[in-house]
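**Q** Only the shape, not the letters, is given here:
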């Protein structure tokens with residue numbers, strides 16, 4: 001992992017691209033290894049038709065473009081309202097050319113967009129195969145452990161007197177569903193960041209390894225569907241039926257969008273369809289894990305933003321249980337492993353010596 005520099009020998013874009021690509025060598029190597037391993041596993045099971053490196057097509061590039069446009073509009077509004085330079089247009093043009101439209105920033109961002117498009121496609125392909133490799137078998141055990149860990153009571157039942165109100169449930173559901181938009185926002189922020197390359201590399205290394213180890217490997221070994229599907233998967237008496245009854249009753253008063261997503265994912269699972277985002281998995285919780293990663297990253301950049309995203313991570317943890325997606329244990333394990341991987345990625349980034357980059361003067 002090498003630091004990106006502004007002043008390179010040679011002025012051509014090829015030299016700049018080569019330098020930026022070298023700075024991403026660890027990420028490229030991990031994704032290529034991931035692709036090769038995933039393909040060999042699927043080939044061994046005669047399931048190579050399930051692999052796609054372009055499953056998301058233009059989704060990631062399009063979302064990146066939307067967020068870049070949003071950031072640009074926000075930046076211009078900030079300059080007009082807060083900075084208020086004497087010559088607005090000249091200030092904007094000079095700042096954009098000198099600070100934002102830097103070759104290394106653009107090349108690094110575009111490389112990350114490509115890496116992420118491929119990575120997310122592989123991840124979704126493998127996640128959809130979890131019940132094929134290892135049919136759901138851990139739900140009863142996880143529910144029992146969850147209950148034992150919380151004094152013999154299901155965690156959702158402990159929270160119900162505090163948050164079991166339709167409007168509160170809708171608010172939690174809304175914030176929970178914002179997760180994808182926050183994910184893309186932080187991905188774009190870090191993909192095009194130049195000021196702290198060590199943080200940037202730590203974030204992306206943690207993200208990639210996190211999703212592979214937790215979202216694929218651990219999720220397959222601990223194959224589970226989650227509380228919402230407990231009865232359908234285990235055939236046992238469903239201790240989560242009262243929670244589901246509450247969510248359906250609450251949706252008559254105030255929207256609970258999770259119910260529609262529950263049904264859509266189950267329908268895709270039963271029909272074995274190839275929709276985006278397909279895949280059911282409870283332990284460990286990628287939503288919680290990635291939300292903790294949001295907070296760890298933001299805390300390094302800004303204590304205020306970090307505090308906000310730590311609060312958001314707590315809402316996601318609560319929502320994952322309250323909306324019947326996860327056992328509380330799924331979130332506890334995810335948060336702890338995320339912190340460990342974050343520390344490991346930080347050690348690697350520091351060891352490889354990726355110092356912060358100062359904008360060119």
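**A** Arrived safely. These figures come from a predicted structure and were not determined experimentally.
**Q** Contacts for whichever strand or helix holds residue 291, please.
**A** Taking DSSP states H and E as the definition, one finds residue 291 inside helix 286-301. Contact partners of helix 286-301, identified using Cβ atoms under 8 Å, 6 or more residues apart in numbering, comprise 176, 179, 182-183, 186, 190, 196, 199, 202-203, 206-207, 210-211, 214-215, 219, 305-310, 312-313, 316-317, 320, 325-326, 330-331, 334-335, 337-339, 342. Backbone N, C-alpha and C define where each C-beta goes, glycine included.
**Q** Among the residues you listed, name the buried ones.
**A** 176, 179, 182-183, 186, 190, 196, 199, 202-203, 206-207, 210-211, 214-215, 219, 306, 309-310, 312-313, 316-317, 320, 325-326, 330-331, 334-335, 337-338, 342 (16 or more other Cβ atoms under 10 Å).
**Q** which residues in the stretch 251-361 of the chain form helices?
**A** In the stretch 251-361 of the chain, the segments counted as helices under DSSP state H, counting those that start in this stretch are 258-271, 286-301, 303-322, 328-351.
**Q** Tabulate these in CSV, adding columns for mean pLDDT and distance to residue 28.
**A** Below are the helices of the stretch 251-361 of the chain laid out as CSV (pLDDT from 0 to 100; distance: least, Cβ to Cβ, whole Å):
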stretch, mean pLDDT, distance to residue 28
helix 258-271, 91, 31
helix 286-301, 97, 20
helix 303-322, 98, 28
helix 328-351, 94, 15
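**Q** Return the most buried member of these.
**A** helix 286-301 (a mean of 23; mean count of other Cβ atoms under 10 Å).
**Q** Helix 328-351 and that one, what's the angle between them?
**A** Computed with axes from the mean of the first three to the mean of the last three Cα atoms, to 10 degrees, the direction of helix 286-301 lies at 40 degrees from that of helix 328-351.
**Q** Burial check on residue 141, number of neighbours?
**A** 13 (other Cβ atoms under 10 Å).
**Q** what's the spacing between it and residue 225?
**A** With distances taken as Cβ to Cβ, to the nearest Å, residue 141 is found 13 Å from residue 225.
**Q** cool, residue 340 as well?
**A** Remark: distance between residue 340 and residue 225 (Cβ to Cβ) = 26 Å.
**Q** go on, residue 238?
**A** Residue 238 sits 12 Å away from residue 225, going by Cβ to Cβ.
**Q** Those two - which one has more neighbours?
**A** When neighbours are counted by other Cβ under 10 Å, residue 225 comes out ahead of the other of residue 238 and residue 225, with 24 against 18.
**Q** My read is that that one contacts residue 282, right?
**A** Yes: counting by Cβ atoms under 8 Å, residue 225 touches residue 282, with 6.0 Å between them.
**Q** Identify the contacts common to those two.
**A** residue 139.
**Q** wait, residue 349 sits on residue 204?
**A** No: taking contacts as Cβ under 8 Å, residue 349 lies outside contact range of residue 204: 9.7 Å.
**Q** overlap in contacts of the two?
**A** With Cβ under 8 Å, 6+ apart, residue 349 and residue 204 have no common neighbours.
**Q** so what's residue 227 up against?
**A** 143, 156, 240, 243, 282, 321, 324-327.
**Q** Can you tell me, leaving aside adjacent residues, what's nearest to residue 112?
**A** Spatial nearest neighbour of residue 112, chain neighbours left out: residue 191 (3.8 Å); criterion: Cβ to Cβ, 6 or more residues apart in numbering.
**Q** Count the residues that sit near that neighbour.
**A** 22.
**Q** swap in residue 42?
**A** 19.
**Q** likewise the one 5 residues further on?
**A** By other Cβ under 10 Å, 15 other residues sit near residue 47.
**Q** Does it touch residue 129 like I think?
**A** Yes: contact criterion Cβ under 8 Å: residue 47 and residue 129 qualify, at 6.5 Å.
**Q** how much space between the residue nearest to the spatial centre of the chain and residue 296?
**A** By Cα atoms, centre = their mean, the chain has its centre lying nearest to residue 290, at 4.6 Å. As for residue 290, its distance to residue 296 is 10 Å (criterion: Cβ to Cβ).
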